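Trainee: Structure here, sequence nowhere to be found:
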């Protein structure tokens, strides 16, 4: 059954959220994001849960990820039909199963290779504070992301910075910059998928809300750390490009956050990265982002667990209560500055478009995994 057809150019608007759309999916002109959303929820509408705002949420390009129930309701109201979803196009079960096995093996190899790195940060004599489960969490956290890909882009940026070939700089600089910026959004999706506290979130409506919030938080926090570690604001080509792309005000705000990101411990950074990923401070004062979690206690429980491990890690590392407090307060200042940045980031259209793409990538991977499990359960 054919489910896609080209529409006329003067009607290129998604009937669900208002984003740009060029094709009809499942009977309605819709964008890629709403197509994937309906493909995921259409056959299992109970997974969309219940709206916490009496079922009258406004669904547009900015709010479409906030309430799964109202978005699904609008999909159906706009004419999307469940029977037009073709499951056979969603997943190749053998291929996905093979990829998952390879991924698990790679994870095991990485875990063994970095265990010695973590051990150098926390010596054997420090195990008195960290429980076995907390040590396991700390050890696994070190595998949450490998910064080598971003480092590769930074080396290329530095090569361009020191080049005297003007023609070379003009021809390649924008391409390298775009790849460098894209690597931050890609890293955010990997960090999400590698942390089971995020990826196994239930109910689904809470997971969708957490996903939209955490991807933005992670991207902003990671960029602040990377720019501070490599002094990237000394690169005038990069600064000029960022100002043109995102606007000078948000770039200045981002540069301000790097003054608090003076951190030379990657494990401590990853601990605070998880804590900030769960933070709602950057969005709580925005009237357009008022969707609430159905089960907010789960966020608090995870935050408490990571905060406890972070504090014990600080005490273990510095062997001095006063120094641990000082380091903690230093990180709190950074987190507060990041909350200001995140608050304003929602107004930067270019940035939010990239965030939307990252969210859609994660949602697609979740669809493939869930369909794989469904198929395995039927065989």
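Mentor: Thanks, I have it. Just so we're clear, the structure is a prediction, and the values are computed from it rather than from any experiment.

Trainee: residues contacting residue 216?
Mentor: For residue 216, the contacting residues are 282, 342, 345, 346, 352, 355, by C-beta atoms under 8 Å, 6 or more residues apart in numbering. Where you see a C-beta, it was placed from the backbone N, CA and C, and this is true even at glycine.

Trainee: Which positions in whichever strand or helix holds the second one come out as buried?
Mentor: In other words, residue 342. In this structure, residue 342 is located in helix 321-345 according to DSSP states H and E. Of the residues in helix 321-345, those with enough neighbours to count as buried (16 or more other C-beta atoms under 10 Å) are 324, 327, 331, 334-335, 337-339, 341-345.

Trainee: Same question for stretch 240-260.
Mentor: By neighbour count, and taking 16+ other C-beta under 10 Å as the criterion, the buried residues in stretch 240-260 are 241-242, 245-247, 250-251, 253-255, 257-258, 260.

Trainee: Secondary structure element for the residue most central in space within the chain, which one?
Mentor: With the centre of the chain defined as its mean C-alpha position, the nearest residue by C-alpha atoms, centre = their mean is residue 215, 2.3 Å away. Secondary structure here is read from DSSP H and E; on that basis residue 215 sits in helix 204-229.

Trainee: so that helix versus helix 321-345, what angle?
Mentor: 110 degrees (axes from the mean of the first three to the mean of the last three C-alpha atoms, to 10 degrees).

Trainee: List the buried residues in helix 204-229.
Mentor: By neighbour count, and taking 16+ other C-beta under 10 Å as the criterion, the buried residues in helix 204-229 are 204-229.

Trainee: Residue 190 reaches residue 147, doesn't it?
Mentor: No - distance between residue 190 and residue 147: 10.8 Å, which falls outside the contact criterion (C-beta atoms under 8 Å).

Trainee: Quick check: phi and psi on residue 42?
Mentor: The phi and psi torsions at residue 42 (degrees, to the nearest 10) take the values phi -60, psi -40.

Trainee: Can you check the pLDDT for it?
Mentor: Per-residue confidence for residue 42 comes out at a pLDDT of 78.

Trainee: in this protein, which helix or strand is least confident?
Mentor: In the chain, the helix or strand scored least confidently by mean pLDDT, DSSP states H and E is helix 93-121, which has a mean of 47.

Trainee: Helix or strand next in line after that one, which one?
Mentor: Following the chain from helix 93-121 toward its C-terminal end, the next helix or strand by DSSP H and E is helix 132-141.

Trainee: thinking again about what came up before, and the helix holding residue 342, what does it pack against?
Mentor: If you count contacts as 3 or more C-beta pairs under 8 Å, 6 or more residues apart in numbering; DSSP states H and E, helix 321-345 packs onto helix 204-229, helix 248-258, helix 266-277, helix 281-284, helix 296-318.

Trainee: which one of these has the lowest average pLDDT?
Mentor: In terms of average pLDDT, helix 281-284 trails the rest of the helices and strands packed on helix 321-345, at a mean of 69.

Trainee: related to what we said a few turns ago, what angle do the helix holding residue 215 and helix 296-318 make?
Mentor: 30 degrees.

Trainee: going forward can the numbers begin at 127, since that is how I track them
Mentor: Renumbered: residue one is now 127, and that last one reads helix 330-355.

Trainee: Low-confidence regions, the protein specifically.
Mentor: Along the chain, segments meeting pLDDT under 70 span 127-137, 170-175, 212-254, 286-299, 325-330, 408-417, 498-500, 502-505.

Trainee: what residues go with each domain of it?
Mentor: Residue ranges for the structural domains of the chain, counted by automatic domain parsing, are given in the record as 135-215, 222-504.

Trainee: Determine which stretch of those is the most buried.
Mentor: Between those, the one whose residues have the most neighbours on average, counting mean count of other C-beta atoms under 10 Å, is domain 135-215 (a mean of 18).

Trainee: How far away from the center of its chain is that domain?
Mentor: 22 Å (C-alpha atoms, centre = their mean, to the nearest Å).

Trainee: same deal with stretch 310-328?
Mentor: For stretch 310-328, the gap between its own C-alpha mean and the chain's C-alpha mean amounts to 6 Å (C-alpha atoms, centre = their mean).

Trainee: can you check stretch 376-394 too?
Mentor: The offset between the C-alpha centroid of stretch 376-394 and the centroid of the whole chain comes to 18 Å, using C-alpha atoms, centre = their mean.

Trainee: Same question for stretch 458-478.
Mentor: Relative to its chain's centre, stretch 458-478 lies at 14 Å (C-alpha atoms, centre = their mean).

Trainee: which other residues reach it?
Mentor: Contact with stretch 458-478 is made by 188, 342-343, 346-347, 350, 371-373, 375-376, 379-380, 382-383, 385-387, 389, 398, 401-402, 405, 407-409, 411-412, 414-415, as judged by C-beta under 8 Å, 6+ apart.
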